[in-house]
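> The sequence and its predicted three-dimensional model are supplied below.
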Amino acid sequence: MEYYTLDDSLRRNEVIEGFESVIWTERYFAFGDFQIITKSTVSSRSQLAPETWITRKGSNYVAIVDTVTDDTADDGTRLITVTGKTLEALLDDRVAMPALTDTTTTPNWVLSGTPTVIANELFNAVCVRTVFDTHDSIPFYTFGTLLPTGSIPQPTDNITLTAAPDTLYNTLQKLCSTYNLGFRLVKDGDKGRIYFEIYTGNDLTTGQTVRKPVIFGPNMENLSKISYLSSTAPFKSVAYVFAQNGSRMVFAPGANLSGSGRDRRVLLVNSNNNGVAGPDLDAALQQEGMMALAAQRNIYSFDGQLPPNSPYIYGTDYNLGDVVEERNDLNQGNFMLITEQIFSSDNTGEHAYPTLTLVDTITPGSWNAWPGTQVWDDVDPSVHWDDL
């Protein structure tokens, strides 16, 4: 895999050669990052100085070097460790507010619309219309979109977001992770253009017939060195949202409304929303509770190394935001969202590691295990519910 530096016009400049190792990570609703370890020479220190733009061959993402550590290895070799983040991290250096006023006059930024509309408005106000300062614009930004959005529908419900003063990155990430939306700043080859996109991926499960399904699992021989993470520790079933002029009880999606004992896991949310009591405040507190609960979900994720002969290639067969299937050796599985893709290169070769996060659980005999292409007429009339 080749990595390049970019010139001041975002064109490929130099190939990064002779490195000891590289780890490059792209993420769905977070900025990516990278690490390069290479010998410390005048040339390498000059090529990979802080603020250098770099990219990976075949990638639309751009990263910026922010830290260079020059040290001596155990064998006496001088090495530099170069790290940085993809361009989305610039959004952490922008403030999400509609104007530079005191928090008494404008305590929150209130936005209504679909989550996609709100996310785009947050970016456009801060980085395109530059409501704070013209210097908040994103370098090389171009209006429009570069990459196609996926087949998974974006949410259409209208919501009210009440955003307290925070960074644009934090506000966007909370909103997008709540609704499984991705956000990215991607470049158009060597044309020197950067696009901001809110997007979803494709449905690549066996419940659809338009695209080739992608199924990961030990029995499929398409993943090795699999690592699982499962935890109920962060889960909260209900949020109590308290504001100056009102309160709201908000349940997590799928939570048992009558759950008690250990099934009742309460999250306290102290809101700084000082709106007047009424439907608008109720809607805002409902949304605030939903976003708080989204950060307290059950965790089930796994990753693994794609073998050299893997039938699935990132960028061709699957991408960030796609929903795929996981199948374990008991034929139980889940619908999984591709949230991260890692590439590594070292003396053992080149490796790729997708990270998948739970979307929906499939168990044998459940509705989700029933093929999505099956229709009632396919079922023998003599078959009873208990037989399914």
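Right, received. Where do you want to start?

> Roughly how far does the closest residue to residue 320 other than its chain neighbours sit from residue 272?
Distances taken as Cβ to Cβ, 6 or more residues apart in numbering place residue 28 nearest to residue 320, at 4.4 Å, with adjacent residues excluded. (Glycine included, C-beta is placed from N, CA and C.) To residue 272, residue 28 is 29 Å away according to Cβ to Cβ, to the nearest Å.

> just residue 143 next, same as before
Residue 143 sits 34 Å away from residue 272, going by Cβ to Cβ.

> Between the two, which is the more surrounded one?
Legend: neighbour count by other Cβ atoms under 10 Å for residue 143 and residue 272, higher for residue 272 (13 against 9).

> Just the pLDDT for the more buried one.
For residue 272, the pLDDT comes out at 82.

> again with the one 3 residues further on
Confidence at residue 275, expressed as pLDDT, is 83.

> what's the helix or strand for it?
Per DSSP states H and E, residue 275 falls between elements, in no helix or strand.

> cool, the one 10 residues further on as well?
Mapping residue 285 onto the secondary structure by DSSP H and E places it in helix 279-294.

> For burial, what's the neighbour tally of residue 176?
22.

> Spell out the secondary structure type for it.
helix (DSSP: H, G, I helix; E, B strand; the rest coil).

> Ok, residue 143 next?
Going by three-state DSSP: residue 143 is coil.

> tell me the contacts of it?
By Cβ atoms under 8 Å, 6 or more residues apart in numbering, residue 143 lies in contact with residue 128.

> next one: phi and psi at it?
phi -70, psi 140 (degrees, to the nearest 10).

> thinking again about what came up before, next up, the contacts around the residue nearest to residue 320.
182, 201, 320, 321, 337, 338, 339, 340.

> how does it look with 7 Å?
By Cβ atoms under 7 Å, 6 or more residues apart in numbering, the residues touching residue 28 are 182, 320, 321, 338, 339, 340.

> try residue 214
By Cβ under 7 Å, 6+ apart, residue 214 lies in contact with 204, 312, 317, 318, 324.

> what about the second one, neighbour count?
A count of neighbours around residue 312, defined by other Cβ under 10 Å, yields 19.

> same check, this time on residue 308
9.

> And residue 341, by the same measure?
The burial count for residue 341: 23, using other Cβ under 10 Å.

> Please tell me how far it sits from residue 312.
11 Å.

> Are there residues contacting both of the two? Which ones?
Between them, residue 341 and residue 312 share no contacting residue, judged by Cβ under 7 Å, 6+ apart.

> any idea where the strands of the stretch 201-350 of the chain begin and end?
Ranges of strands in the stretch 201-350 of the chain, per DSSP state E, counting those that start in this stretch, are 215-216, 224-231, 238-243, 246-251, 266-270, 299-305, 323-327, 333-346, 349-362.

> quick one, which of those is nearest to residue 176?
strand 333-346 (11.4 Å; Cβ to Cβ).

> ok so, going back, need the winner for burial among the strands of the stretch 201-350 of the chain.
strand 323-327 (a mean of 23; mean count of other Cβ atoms under 10 Å).

> which residues touch it?
In contact with strand 323-327 (Cβ under 7 Å, 6+ apart) are residues 152, 201, 203-206, 213-217, 219-220, 302, 318, 333-338, 356, 359.

> what do you get if the cut-off is 8 Å, keeping everything else the same?
152, 201-206, 213-217, 219-220, 302, 318, 333-338, 356, 359, 362.
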